[in-house]
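Trainee: just a sequence and a predicted model for now, questions to come.
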Amino acid sequence: MNTWWENESLIKFETPTSIFIVAPSGGGKTELTKQILKHVNGVFNTPTSKIYFCYSIWQKLYTDMQNEIKNIHFYEGLPSMTEINDWGAEEGHKILVLDDLVIKGGNSEELVHMMCVARYRKPPTEKENMIKNKQDGGEVTITPPSTNTPRKDTTHKPMNKNTRFTRSGA
């Protein structure tokens, strides 16, 4: 079964990424998440070293996940930004799942920024930069991590009930 996910999956998520699964209660969000995590190497382009699964109330499905999914670590409640940063500092590609924590997470400005705006990852090491540059066929140089500076949107205009959408350009 893993072979299908690895060879036929139409989606290979690039890392880092933020994925939101939204559905009403009982809509299968946790089951879908379980299937993605079971076949994580077929769904993500980078092998996963650890999965941090944060939850509000323990469900029987989590026991199944513990038995079926490698490197999954459960955490009750919403982790602090210090804990998330500590997890992120570890080697390898990690996955952070927040199951039924949207209300608590929505009250954390730092967490909302991390999930919605920032590309959260630790800066590449000098060794990682050298390997990447060599793989790209270029000279081996040390490249500082890029900074994502927000740009000011100068075209935004407030909308109201009289706003009309038109196509511009040729």
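Mentor: Good, I have the coordinates.
Trainee: which SSE is residue 84 in?
Mentor: helix 81-89 (DSSP states H and E).
Trainee: so for that helix, mean pLDDT?
Mentor: Mean pLDDT, helix 81-89: 84.
Trainee: does anything pack onto the next helix or strand after it? Which helices or strands?
Mentor: Next helix or strand after helix 81-89 toward the C-terminus (DSSP H and E): strand 93-99. When contacts are defined as 3 or more CB pairs under 8 Å, 6 or more residues apart in numbering; DSSP states H and E, strand 93-99 packs onto helix 29-38, strand 48-55, helix 81-89. Backbone N, C-alpha and C define where each C-beta goes, glycine included.
Trainee: touching the shortest one from outside, list them.
Mentor: By that I understand strand 48-55. Here strand 48-55 makes contact (CB atoms under 8 Å, 6 or more residues apart in numbering) with 37, 40-41, 62, 65, 69, 71-79, 87, 90-101.
Trainee: rerun that using 10 Å as the cut-off
Mentor: With CB atoms under 10 Å, 6 or more residues apart in numbering as the test, strand 48-55 has contacts from 15, 30, 33-34, 37, 40-41, 61-62, 65-66, 69-79, 83-84, 87-88, 90-101, 104-105.
Trainee: and the angle for the helix holding residue 84 with strand 93-99?
Mentor: Interaxial angle, helix 81-89 versus strand 93-99 (axes from the mean of the first three to the mean of the last three CA atoms, to 10 degrees): 150 degrees.
Trainee: now do the buried residues in helix 81-89.
Mentor: The neighbour-count check on helix 81-89 (16 or more other CB atoms under 10 Å) flags residue 84 as buried.
Trainee: circling back: what's the closest of the helices and strands packed on strand 93-99 to residue 109?
Mentor: With CB to CB as the criterion, residue 109 lies closest to helix 81-89 of the helices and strands packed on strand 93-99, at 10.0 Å.
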